[in-house]
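Asker: Have a look at this fold, sequence not included:
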């Protein structure tokens with residue numbers, strides 16, 4: 001704009017100069033001298049004005065160029081801010097999509113990566129352990145990793161049943177304020193129970209199962225008992241910025257005394273600040289984890305009888321119909337079994353199948369343990385009474401083994417390659433006083 005104004009001034013001055021020249025030419029000779037002098041003065045003045053205007057014009061491009069550069073920089077900065085904002089929004093969106101689109105294989109990769117890290121001691125271990133127990137008690141874990149929010153309705157119901165029990169009887173008390181009473185019946189408002197299940201295991205579309213009672217906007221907890229359960233012992237915790245993994249040996253138990261080793265459980269949780277618990281259950285599995293025993297030493301054994309042997313090797317052959325029998329007079333208190341592992345490694349405990357479980361007669365005729373002391377090394381010694389077993393005449397060796405196992409474990413794993421089991425208590429059978437043990441499993 002300033003350039004255009006100055007250009008107009010110059011054009012006007014030039015036109016005026018021409019006009020004066022014309023006028024000068026038309027005057028009489030008498031006035032010629034005066035006109036010439038006047039024109040010269042005018043030309044000098046005009047030349048000065050033109051020089052000033054040109055000088056001002058010569059400075060303007062610098063100013064204009066600076067203004068253009070400033071505008072360009074502002075535009076670049078604005079563009080950079082826009083790009084940065086768009087990239088930030090895109091990153092957040094991508095993270096949400098990534099989490100929502102996690103597949104089973106993605107979760108397995110996360111689990112396996114966390115297992116390679118060092119165990120931690122989280123401040124919310126009690127809450128994590130209680131959530132883990134809900135999963136194991138629900139008996140929903142299998143050999144394949146399972147995403148809890150994608151299970152079938154029956155398994156979701158089994159998990160929800162344990163979650164409600166945790167709310168009503170658990171230790172964390174994170175949701176105790178959602179429980180109400182109507183006509184002496186315990187109820188939970190439907191919206192609150194939906195929120196509970198969403199925060200607990202990511203349920204986005206709660207549909208009551210056939211055994212779940214929902215009436216007039218309330219959820220009525222179901223009370224039941226009598227079924228077996230699963231338990232995860234010696235829990236260890238692993239975590240990164242986003243996830244927490246709970247791992248430990250899993251077992252099946254029942255009120256009838258059954259006990260069986262299921263493998264190592266892995267349960268993955270997502271850190272979730274929007275949940276009252278601070279985490280949400282994602283998925284879980286059992287994986288094969290068998291600790292090998294390279295050899296067995298015993299302080300004594302019965303001599304071979306026909307084709308039957310009673311050596312310590314029978315303890316680790318996986319056959320509940322074979323047995324180790326101590327070979328000293330009496331019930332064998334003080335006798336030992338030494339297990340040499342195939343390498344030094346973390347160990348959580350042993351599972352002992354007590355008695356001669358080949359059949360009803362073998363079981364009742366021979367002696368069995370009543371108490372043992374297990375030395376895992378480095379001062380980690382556990383002394384425990386054996387579960388009192390039983391037998392029926394029609395029970396197979398597998399049936400007898402299931403109901404005559406006792407788990408002797410540590411609160412935390414210890415690294416060892418040798419385990420020593422000492423007989424600290426035993427009782428005779430109806431016919432023989434030799435103490436018998438069918439199997440020992442290290443986990």
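Answerer: Right, received. Where do you want to start? As the structure is a prediction and not an experimental result, all values here were calculated from the model.
Asker: wait, what's in contact with residue 155?
Answerer: 138, 140, 146 (C-beta atoms under 8 Å, 6 or more residues apart in numbering). Every residue, glycine included, has its C-beta placed from N, CA and C.
Asker: Show me how to select, in PyMOL, the buried members of these.
Answerer: Buried residues among the contacts of residue 155 (16 or more other C-beta atoms under 10 Å), as a PyMOL selection:
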select buried, resi 138+140+146
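Asker: ok, which stretches of the stretch 151-300 of the chain are strands?
Answerer: Secondary structure of the stretch 151-300 of the chain (DSSP state E, counting those that start in this stretch): strands at 180-182, 185-189, 213-215, 218-220, 229-232, 236-239, 243-253, 259-271, 279-287, 293-298.
Asker: Make TSV out of those strands and add distance to residue 333.
Answerer: Converted to TSV, these look like this (distance: least, C-beta to C-beta, whole Å):
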stretch	distance to residue 333
strand 180-182	56
strand 185-189	51
strand 213-215	55
strand 218-220	55
strand 229-232	30
strand 236-239	35
strand 243-253	28
strand 259-271	24
strand 279-287	37
strand 293-298	14
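Asker: would TSV of those strands with distance to residue 340, mean pLDDT and mean neighbour count be doable?
Answerer: Shown next, in TSV, are the strands of the stretch 151-300 of the chain (distance: least, C-beta to C-beta, whole Å; pLDDT from 0 to 100; neighbours: other C-beta atoms under 10 Å):
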stretch	distance to residue 340	mean pLDDT	mean neighbour count
strand 180-182	59	96	10
strand 185-189	54	97	17
strand 213-215	56	97	13
strand 218-220	55	98	20
strand 229-232	27	96	20
strand 236-239	25	98	19
strand 243-253	20	97	22
strand 259-271	20	97	21
strand 279-287	25	98	23
strand 293-298	5	98	15
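Asker: right, so of those, which gets closest to residue 379?
Answerer: Residue 379 lies closest to strand 236-239 among the strands of the stretch 151-300 of the chain, at 20.2 Å (C-beta to C-beta).
Asker: what distance separates the closest one from the centre of its chain?
Answerer: 9 Å (C-alpha atoms, centre = their mean, to the nearest Å).
Asker: Just list what it packs against, helices and strands only.
Answerer: If you count contacts as 3 or more C-beta pairs under 8 Å, 6 or more residues apart in numbering; DSSP states H and E, strand 236-239 packs onto helix 104-115, strand 243-253.
Asker: now these as a markdown table including distance to residue 210?
Answerer: Listed next are the helices and strands packed on strand 236-239 as a markdown table, based on distance: least, C-beta to C-beta, whole Å:
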| stretch | distance to residue 210 |
| --- | --- |
| helix 104-115 | 27 |
| strand 243-253 | 25 |
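Asker: now the helices for this protein?
Answerer: 2-26, 29-100, 104-115, 125-138, 153-169, 190-201, 360-365, 397-402 (DSSP state H).
Asker: hey, least reliable of these by pLDDT?
Answerer: Per-stretch mean pLDDT for the helices of the chain is lowest at helix 2-26 (a mean of 42).
Asker: hang on, the earlier thing: quick one: closest of the strands of the stretch 151-300 of the chain to residue 105.
Answerer: Per C-beta to C-beta, nearest to residue 105 of these: strand 279-287, 11.1 Å.
Asker: which outside residues touch the closest one?
Answerer: Counting by C-beta under 8 Å, 6+ apart, residues outside strand 279-287 touching it are 102, 104, 107-108, 111, 124, 127-128, 131, 134-135, 140-148, 199-202, 243-244, 250, 262-272.
Asker: Let me know the distance separating the nearest residue to residue 298 once chain neighbours are set aside from residue 418.
Answerer: Closest residue to residue 298 apart from its sequence neighbours, by C-beta to C-beta, 6 or more residues apart in numbering: residue 312 at 4.0 Å. For residue 312, the distance to residue 418 equals 14 Å [C-beta to C-beta, to the nearest Å].
Asker: So between those two, which is more surrounded?
Answerer: Shown here are residue 312 and residue 418; by other C-beta atoms under 10 Å, residue 312 has more neighbours (21 against 14).
Asker: Run a quick check on that one versus residue 325, I expect a contact.
Answerer: No. Using C-beta atoms under 8 Å, residue 312 makes no contact with residue 325, being 10.2 Å away.
Asker: okay, and the common contacts of the two?
Answerer: Joint contacts of residue 312 and residue 325 (C-beta under 8 Å, 6+ apart) are residue 301.
Asker: Could you report the neighbour count for residue 108?
Answerer: Residue 108: 17 neighbours (other C-beta under 10 Å).
Asker: same question, the one 10 residues further on
Answerer: A count of nearby residues for residue 118, using other C-beta under 10 Å, gives 6.
Asker: Grab the nearest non-local neighbour of it.
Answerer: residue 238 (7.7 Å).
Asker: So what sits opposite residue 340 in the bridge?
Answerer: Beta-bridge pairing of residue 340 under DSSP bridges involves residue 295, residue 418.
Asker: so what's it up against?
Answerer: Applying C-beta under 8 Å, 6+ apart, the residues contacting residue 340 are 293, 294, 295, 296, 297, 417, 418.
Asker: Dump these into CSV; add distance to residue 278 as well.
Answerer: Formatted as CSV, these follow (distance: C-beta to C-beta, whole Å):
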residue, distance to residue 278
293, 41
294, 44
295, 47
296, 46
297, 49
417, 38
418, 41
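Asker: and residue 354, what does it touch?
Answerer: Contacts of residue 354 (C-beta under 8 Å, 6+ apart): 368, 369, 386, 387, 389, 404, 405, 406, 437, 438.
Asker: Report how many residues lie close to the second one.
Answerer: Residues lying near residue 369 (other C-beta under 10 Å) number 25.
Asker: Domain ranges for the protein, per the record?
Answerer: The record assigns the chain these domain ranges, following automatic domain parsing: 2-81, 105-287, 293-442.
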